[in-house]
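S.K.: dropping the sequence and predicted coords here.
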Amino acid sequence: MRSVLLAGIAALALTSCASAPPEPKGSMAALATLPTTDWKSFRDTFIEDWFKVSPADAVYQGRHDFDGGLGDWTPGGLKRQGAFLREAIDKAKAFDATKLSKDEAFERDYLVTVASGKLFWLEDADFPHKNPAWYVNAGLDPNVYIARNYADTPTRMRAIVTFMRKIPAAAAQIKANLKTPMPLSYINYGVAAFNGFGDYYTGDAKKAFAAVKSPALQEEFDKAAIVASQAMHDLAAHLEKQRPNATQDFALGAERFSRMIKQTEGVDVPLATLKAAGEADLLRNQKALAEACRQFAPGATIPACMAKMNANKPVNNDPVAEARKQIPELRAFVLANDVVTIPDQEQALVEESPPYNRQNSAYIDPPGPFEKGIPSVYYISPPDPSWSKAEQEGFIPGKMDLLFTSVHEVMPGHFLQFRHANASPSIFGRLFVGYAFAEGWAHYAEEMMWEAGLHKGDAETHVGQLSNALLRNCRYLSAIGLHSGTMTQEQSRKMFVEQCYQDEGNAKQQSARGTYDPAYLNYTMGKLMIRKLREDWTATHGGRASWKAFHDEFLRYGGPPIPLVRKAMLGGDGKAVF
């Protein structure tokens, strides 16, 4: 899932003509001066100015007056973004906490960490000049115009035309910015991503708007799509030419990695402490898996036990139908066992992911705080029909593996967490949901549901839960090893296979991801911080009986850095996270 809330009500006028909409607000719009005396005015001005700097974020939040917008990635545009973030941090820190309400002081610290995290990726990590993934995350994906029915199809089609007209200039900016030589994994990622967008613009995106009965608008779309597609393919070809000189120079370095977790997630611990926490959790889960396998597959090796669990496929190899059965059962379990409050009657839909968005095997697309009447959709991707029968069979998850994917994505994972976030009393909590908070909660929910008695101790179920936990354990340790310079990508791949029992294809993909997504340790890091906070909070609030109260209190903050939540719930400095 995405790390920011996706949201929106259409703000574009509905017309029958084929002309493009007015130029959207965007990264060239003048920024307002950040106020320095009233916190609410400062916060709201920061949000509006950030949307101007990063209009793609605004679109995903549902501010469709920014539709078609794309960031300014010229040297001047990147410099402007950095200057804005530094000014926001300095001015926010200048607010005297003793003169703010408790909620305002919390929001101030929340905003500072959000801005500091964005500034880290922009300048300290220098990802605009190093990492193609930065641009994919910064707005190249136009899926919102297709997947979200926030307006009629012609309106959304005009918006994507406006967007695609910006792609050639954006591609030129990306080409000029990315320094070479480049790590091989970055080249592989960039070539696949940029070629994928090139194919998408003229292929699946075109198909998505095929029903629009306007020859003039279809012609505008085709012209924009062809030029945008060529620009993306040319960019991919440029990266492909860098392959002979590819490096393995992807590591952030130990000191910068430590700054990453502090500035993006507010986690201020020595790297040795971080690593030890991950190693302990890996060992804990390995021991639990060995015991579960002794019950589920006596005498079998761990890989054979995992294979047995995954061989129990959904009926007719249909994971969508299976997930549709699982979610009501999970919801009933949450209610019957007082796990967490379900704040409304909203239900997540379960659909097969569309052809234009099958990069992930499963994901949820939740509406955000500005959305009205748009459902959350839990998408599950089918295997590629061009694959061999064995590959297609292997891609379809076993029932218990899928069960914990449904826990993670829907109930009580991302879907429920975003329902709570959208009801947060803080607009900042509704808009800025952090990586460790969102993925930490969803991953935490998997083990928590098992602990709460899901399937009453069934060993096969436990194997399914642990297979997901071990995958995240190896992500955590790979991120630390790869970016502290103590682990090669090949050593990471080997660890995924030998320590976390992943298949070779997944191990290769996961070890590569760790090079360009160093923050993917956040699944396990977030889970561990939530577990520790639960242990410490419930110790003085009724123990196991107070889990529901703990979950409700934790989720009401929206999605801030977990140490801030710890400080708010327990007092102190919030640093004792492990």
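M.R.: Okay, I see it.
S.K.: burial check on the closest residue to L31 other than its chain neighbours, number of neighbours?
M.R.: Nearest residue to L31 in three dimensions, chain neighbours excluded: D49, at 4.6 Å (CB to CB, 6 or more residues apart in numbering). Heads up, the C-betas are built off the backbone N, CA and C, glycines and all. Applying other CB atoms under 10 Å, we find 19 residues neighbouring D49.
S.K.: dump the residue contacts of D49.
M.R.: L31, A32, L34, F84, A88 (CB atoms under 8 Å, 6 or more residues apart in numbering).
S.K.: do you know how far the last one is from V112?
M.R.: Same thing as A88. Distance of A88 to V112, computed by CB to CB, to the nearest Å: 8 Å.
S.K.: comparing the two, which residue is more hemmed in?
M.R.: More crowded of A88 and V112, by other CB under 10 Å: A88, with 24 against 21.
S.K.: am I right that that one is in a helix?
M.R.: Yes. According to DSSP: H, G, I helix; E, B strand; the rest coil, A88 belongs to a helix.
S.K.: ok, it - contacts?
M.R.: A88 makes contact with L34, F46, D49, L111, A115, according to CB under 8 Å, 6+ apart.
S.K.: cutoff 7 Å now
M.R.: Each residue near A88 by CB atoms under 7 Å, 6 or more residues apart in numbering is listed here: L34, F46, A115.
S.K.: thought A251 was touching G485?
M.R.: Yes. Between A251 and G485 there is a contact under CB atoms under 7 Å: 4.7 Å.
S.K.: give me the more crowded residue out of those two.
M.R.: Taking neighbours as other CB under 10 Å, A251 and G485 compare with A251 leading, 19 against 13.
S.K.: could you look up the SS state of that one?
M.R.: Assigned with three-state DSSP, A251 falls in the coil class.
S.K.: for it, which residues are in contact?
M.R.: Neighbours of A251 in contact, by CB under 7 Å, 6+ apart: L482, H483, G485.
S.K.: can you list the domain ranges for the protein.
M.R.: 31-125, 272-315+324-341+398-570 (automatic domain parsing).
S.K.: just put those domains in JSON lines and tack on mean pLDDT and distance to A210.
M.R.: Converted to JSON lines, these look like this (pLDDT from 0 to 100; distance: least, CB to CB, whole Å):
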{"stretch": "domain 31-125", "mean pLDDT": "96", "distance to A210": "20"}
{"stretch": "domain 272-315+324-341+398-570", "mean pLDDT": "97", "distance to A210": "28"}
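S.K.: so which of those comes closest to I261?
M.R.: Ranking those by proximity to I261 (CB to CB) places domain 272-315+324-341+398-570 first, at 7.1 Å.
S.K.: between its first and last residues, how far does that closest one reach?
M.R.: End-to-end distance for domain 272-315+324-341+398-570, by CA to CA, to the nearest Å: 25 Å.
S.K.: measure how far it is from the centre of its chain, please.
M.R.: 14 Å (CA atoms, centre = their mean, to the nearest Å).
S.K.: the residue nearest to L31 in helix, strand or coil?
M.R.: Three-state call for D49 (three-state DSSP): helix.
S.K.: renumber starting at 31 from here on
M.R.: Okay, using 31 as the starting number, the last item reads as D79.
S.K.: now do it against I394, distance only.
M.R.: According to CB to CB, D79 stands 29 Å off from I394.
S.K.: now D264
M.R.: From D264 to I394 the distance is 34 Å (CB to CB).
S.K.: A579 now?
M.R.: Distance, A579 to I394, using CB to CB: 26 Å.
S.K.: who has more neighbours, these two?
M.R.: I394 (23 against 16).
S.K.: the more buried one: which element?
M.R.: If you go by DSSP states H and E, I394 is part of strand 392-395.
S.K.: extract the CA atoms of that strand and return them as PDB.
M.R.: The C-alpha atoms that make up strand 392-395 are tabulated as PDB, following Å, rounded to 0.1, in the frame of the first residue of the first chain:
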ATOM      1  CA  ALA A 392      -2.000  -7.900  -3.100                       C
ATOM      2  CA  TYR A 393      -2.600  -4.300  -1.900                       C
ATOM      3  CA  ILE A 394      -5.400  -2.100  -0.600                       C
ATOM      4  CA  ASP A 395      -6.400   1.300  -2.000                       C
END
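S.K.: for stretch 452-472, measure first residue to last.
M.R.: One end of stretch 452-472 sits 16 Å from the other (CA to CA).
S.K.: swap in stretch 89-97?
M.R.: End-to-end distance for stretch 89-97: 6 Å, by CA to CA.
S.K.: just how off-centre is that stretch within its chain?
M.R.: Per CA atoms, centre = their mean, the displacement of stretch 89-97 from the mean C-alpha position of its chain is 18 Å.
S.K.: returning to that earlier point: Throw the contacts of A281 into CSV and include distance to V463 and secondary structure, thanks.
M.R.: Compiled in CSV, the contacts of A281 are given as follows (distance: CB to CB, whole Å; DSSP: H, G, I helix; E, B strand; the rest coil):
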residue, distance to V463, secondary structure
L512, 26, helix
H513, 24, helix
G515, 31, coil
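S.K.: and the strands in the chain, which stretches?
M.R.: 379-382, 392-395, 407-410 (DSSP state E).
S.K.: for the last one, give the mean pLDDT please.
M.R.: Across strand 407-410, the average pLDDT comes to 95.
S.K.: who does it pair up with?
M.R.: The strands that strand 407-410 pairs with in its sheet are strand 379-382 (parallel), strand 392-395 (antiparallel) (by DSSP bridges).
S.K.: just name the most buried of those strands.
M.R.: Ranked by mean neighbour count, these are led by strand 392-395 with a mean of 22 (mean count of other CB atoms under 10 Å).
S.K.: who's in contact with that one?
M.R.: 31, 36, 177, 378, 406-411, 435, 439-440, 444-445.
S.K.: ok, which of the domains of the chain comes nearest V257?
M.R.: The minimum distance between V257 and the domains of the chain falls on domain 61-155, with 14.5 Å, by CB to CB.
S.K.: of all the domains of the chain, which one is nearest F239?
M.R.: domain 61-155 (14.5 Å).
S.K.: neighbours of L600, how many?
M.R.: L600 has 15 nearby residues by other CB under 10 Å.
S.K.: ok, now M339?
M.R.: 25.
S.K.: wait, it sits on G494?
M.R.: Yes. Counting by CB under 7 Å, M339 does reach G494; the two are 5.9 Å apart.
S.K.: who touches both of these two?
M.R.: G428, M430, D431.
S.K.: if we take the contacts of strand 392-395, which one ends up nearest to T294?
M.R.: Closest approach between these and T294, by CB to CB: M31, at 17.3 Å.
S.K.: pLDDT at that closest one, what is it?
M.R.: Looking at M31, the pLDDT reads 43.
S.K.: who are the contact partners of Q260?
M.R.: Going by CB under 7 Å, 6+ apart, Q260 touches no other residue.
S.K.: how near is Q532 to F434?
M.R.: Distance from Q532 to F434, by CB to CB: 15 Å.
S.K.: that'll do, ta.
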